[in-house]
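Asker: below: sequence and its predicted model.
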Amino acid sequence: MLIKKLVVGPIAANCYIVGSESTGEGMIVDPGADARDILQSVKEMGLKIRLIVLTHSHPDHVGAVKEVQQATGAEVAIHTDEAEFLSQDSSFFIGTNAQAASPPDRLLKDGDSIDIGDLHFSVLHTPGHSTGGICILGHDVIFSGDTLFYYSIGRYDFPGGSYSQIMNSLKRLMALPPETIVYPGHGDDTTIGDERRGNPFLV
């Protein structure tokens with residue numbers, strides 16, 4: 001499995017390009033900004049992007065969706081509880097100027113499978129930072145969006161956020177194997193084991 005992280009936009013969101021070495025197919029997780037850089041990386045990796053997966057609809061994670069979708073022809077997938085927000089103008093959000101994306105092509109729910117070539121991932125519905133936030137789990141890694149960060153957790157004071165929900169979601173993540181690598185929506189990578197031992201919000 002190929003994984004490349006790009007830090008994009010004024011709020012330094014993490015965008016991930018994930019691909020199969022054997023089939024050359026790939027997906028993009030959270031293209032929040034800087035579409036040109038994302039597409040250049042896709043070209044350098046030699047991938048055919050089949051799917052754009054959004055962990056949630058906040059504009060720092062979806063700002064480049066329209067441009068990347070138009071360039072790749074990939075489908076866009078988001079949780080069903082988050083879909084209505086994707087096409088709304090959210091330029092008010094923390095000073096960003098994101099363009100509203102087109103309606104998604106695929107609505108996800110907890111337990112759904114995402115298959116990219118010979119790569120297989122599961123969708124975990126992890127509300128708390130947003131109503132329809134998800135994590136994407138497979139091959140001993142998890143793309144955690146803004147649910148779990150390195151020694152931190154996602155904010156729960158935005159519309160649709162909930163402290164009790166995010167804590168329940170985090171308990172679910174902490175049940176994963178300790179060696180699971182966490183690729184968060186902002187900041188450095190971590191592991192479930194490290195977060196169990198040292199995350200001050202969880203110990």
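Answerer: Thanks, I have the structure now.

Asker: contacts only, for the most centrally placed residue in the chain.
Answerer: Most central in the chain under Cα atoms, centre = their mean is Thr55, positioned 3.6 Å from the mean C-alpha point. By Cβ atoms under 8 Å, 6 or more residues apart in numbering, the contact list for Thr55 reads 29-30, 61, 133-136, 143-147, 185. Yep, even glycine has a C-beta here, placed from its N, CA and C like the rest.

Asker: tabulate those residues (a markdown table), appending secondary structure and pLDDT.
Answerer: Below are these laid out as a markdown table (DSSP: H, G, I helix; E, B strand; the rest coil; pLDDT from 0 to 100):
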| residue | secondary structure | pLDDT |
| --- | --- | --- |
| Val29 | strand | 98 |
| Asp30 | coil | 98 |
| His61 | helix | 95 |
| Gly133 | coil | 97 |
| Ile134 | strand | 98 |
| Cys135 | strand | 98 |
| Ile136 | strand | 98 |
| Phe143 | strand | 98 |
| Ser144 | strand | 98 |
| Gly145 | strand | 98 |
| Asp146 | coil | 98 |
| Thr147 | coil | 98 |
| Gly185 | coil | 98 |
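
Asker: check which helix or strand the closest residue to Ile11 other than its chain neighbours maps to.
Answerer: Using Cβ to Cβ, 6 or more residues apart in numbering and skipping the chain neighbours, the partner closest in space to Ile11 is Asp60 (4.4 Å). According to DSSP states H and E, Asp60 maps onto helix 59-62.

Asker: packing partners of the following helix or strand past that helix?
Answerer: For helix 59-62, the succeeding helix or strand toward the C-terminus, using DSSP H and E, is helix 65-72. Helix 65-72 sits against helix 35-45, strand 48-53, with contacts defined as 3 or more Cβ pairs under 8 Å, 6 or more residues apart in numbering; DSSP states H and E.

Asker: rerun at 10 Å
Answerer: Identification of packing neighbours for helix 65-72 by 3 or more Cβ pairs under 10 Å, 6 or more residues apart in numbering; DSSP states H and E yields strand 25-29, helix 35-45, strand 48-53, strand 75-79.

Asker: quick check: Val8 vs Ala175, distance?
Answerer: According to Cβ to Cβ, to the nearest Å, Val8 and Ala175 sit 31 Å apart.

Asker: what does Gly160 give?
Answerer: On the measure of Cβ to Cβ, Gly160 and Ala175 end up 24 Å apart.

Asker: so those two - more neighbours on which side?
Answerer: Gly160 (19 against 9; other Cβ atoms under 10 Å).

Asker: burial measure for Leu51, as a count.
Answerer: The number of residues packed near Leu51 is 21, by other Cβ under 10 Å.

Asker: wait, Arg172
Answerer: By other Cβ under 10 Å, the residues close to Arg172 number 14.

Asker: repeat that for Val203.
Answerer: Val203 is flanked by 8 other residues according to other Cβ under 10 Å.

Asker: then Leu119?
Answerer: Neighbours around Leu119, by other Cβ under 10 Å: 20.

Asker: residues contacting it?
Answerer: Listed by Cβ atoms under 10 Å, 6 or more residues apart in numbering, the contact partners of Leu119 are 1-2, 18-23, 25-27, 138-139.
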